[in-house]
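Asker: Below are the sequence and a predicted model for it; my questions follow.
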Amino acid sequence: MSATLTPPRRDLPEAVASGRGGLTRTVLRLHRTALLAWTGFVVVTLGWLVWSGKVDAQSILDHKRACDDLCAYAYEAHRYSVGLDRAGLVIGYASLGVAAFAGGALIGRELESGTAHLAWTQGVSPARWLVAKLAVPAVAVVAGSAVLVAVYRWTRRTSDALLYNKGWSEPGAFVASGPATTAYALCALALGALAALLIGRTLPALAAGFTATALLQGTLFAVRPDLWPAKTVTTTTWPEVLNSSWRLASHGDTTTYHPRSHFWPLHLMETGLVLTVTVAATAAAFWTLHRRTTPGRQAETARPPQARAARNRPAPGPHPAADADPGSSSRSGSTQPDTPPRRQRPLPGHS
């Protein structure tokens with residue numbers, strides 16, 4: 001008689017985590033909705049940019065060649081320029097959505113529900129877990145933003161004749177025309193993850209990551225003209241502000257501005273600052289995770305917030321009636337010697 005022994009089936013999370021690329025597949029499966037939403041955003045934006053550069057811009061140019069109505073042409077050119085600038089705003093500041101996703105669904109929800117601690121008990125180290133959590137969306141963000149920047153630059157180049165002010169210094173066009181778009185997206189991912197690890201709650205971490213990214217973008221927008229030395233022109237007559245230039249100040253016959261040739265120095269300086277913040281936020285996130293998972297703190301941080309609050313609540317004191325009951329000590333199993341009853345002395349005249 002022979003028998004075939006079947007090895008015991010490993011637990012599913014452990015099997016997924018220990019397999020080659022299993023952790024990556026797990027992250028993709030958990031966040032497939034966000035990945036599909038990002039893919040849809042990239043595809044729709046690319047479609048609009050291609051249509052705008054090939055169809056809309058060409059129709060406006062054809063109208064100019066066929067008609068002498070310069071007023072209508074000027075209006076259409078202005079409408080086209082404003083629309084392209086707004087598209088740049090959408091592309092350049094999509095990082096706010098990335099920060100909200102990182103703080104909420106990517107990290108915060110798993111810490112709040114305790115599933116992150118479950119993954120750490122299935123053969124996945126906390127550092128490896130965080131690497132997978134950040135690397136998978138980072139690849140998607142870098143790929144999508146790089147394609148958007150390339151197509152946006154192509155659209156502006158093909159329709160340069162329609163841009164009423166060349167618009168390179170506009171907030172949306174400035175960020176969406178270079179690698180600063182990708183840098184902002186990566187920085188938002190790191191800031192959202194850091195906020196989630198510090199707070200450990202979904203909604204507060206979502207709000208904190210969104211706010212931190214918005215503050216960073218607003219601060220760099222305010223100091224952007226000072227990132228590179230401006231050019232000063234002095235003439236004997238009132239200078240006309242050059243087209244395709246950025247006028248910073250005017251004092252009589254002196255004009256200080258950034259010419260179009262300053263785009264790349266300004267853009268690369270801003271990109272470097274954003275990447276510096278990204279590296280710092282990523283390092284802080286790993287340091288915070290290490291503190292959360294050190295012995296003595298891992299069991300406490302793995303509890304849901306409601307359980308931690310219940311544990312910290314003071315226990316109720318003993319009921320007063322229990323102390324007043326003379327028989328409570330005997331019922332509770334205490335061993336106290338019995339006291340013999342007192343004998344009554346006989347009254348006088350009684351034997």
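Answerer: Right, received. Where do you want to start?
Asker: Now residue 110: which helix or strand?
Answerer: Using DSSP states H and E, residue 110 sits in helix 108-113.
Asker: Check the spacing between residue 82 and residue 76 real quick.
Answerer: Residue 82 sits 11 Å away from residue 76, going by C-beta to C-beta, to the nearest Å. No exception for glycine: its C-beta is placed from N, CA and C like everyone else's.
Asker: And these two? Which one has more around it.
Answerer: residue 76 (19 against 13; other C-beta atoms under 10 Å).
Asker: Report pLDDT for that one.
Answerer: You'll see residue 76 listed with a pLDDT of 77.
Asker: My impression was that it belongs to a helix - is that right?
Answerer: Yes. Under DSSP: H, G, I helix; E, B strand; the rest coil, residue 76 sits within a helix.
Asker: for the helix or strand where residue 116 lies, packing partners?
Answerer: Counting by DSSP H and E, the element that carries residue 116 is helix 115-120. Packing contacts for helix 115-120, counted by 3 or more C-beta pairs under 8 Å, 6 or more residues apart in numbering; DSSP states H and E, involve helix 12-18, helix 126-158, helix 298-302.
Asker: can you list the weak-confidence ranges in the stretch 251-351 of the chain?
Answerer: 251-253, 295-351 (pLDDT under 70).
Asker: From residue 25, how far out is residue 46?
Answerer: For residue 46, the distance to residue 25 - C-beta to C-beta - is 27 Å.
Asker: out of the two, which sits in the busier spot?
Answerer: Each of residue 46 and residue 25 has its neighbours counted (other C-beta under 10 Å); residue 46 has more, 17 against 14.
Asker: Put together a markdown table for the helices and strands packed on helix 115-120, with mean neighbour count on each row.
Answerer: Output for these, formatted as a markdown table (neighbours: other C-beta atoms under 10 Å):
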| stretch | mean neighbour count |
| --- | --- |
| helix 12-18 | 15 |
| helix 126-158 | 18 |
| helix 298-302 | 14 |
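Asker: Tell me where the stretch 51-200 of the chain is predicted with low confidence.
Answerer: Residue ranges of the stretch 51-200 of the chain with pLDDT under 70: 63-64, 66-73, 164-167.
Asker: Please work out how many residues are found near residue 51.
Answerer: Here the number of neighbours of residue 51 (other C-beta under 10 Å) works out to 12.
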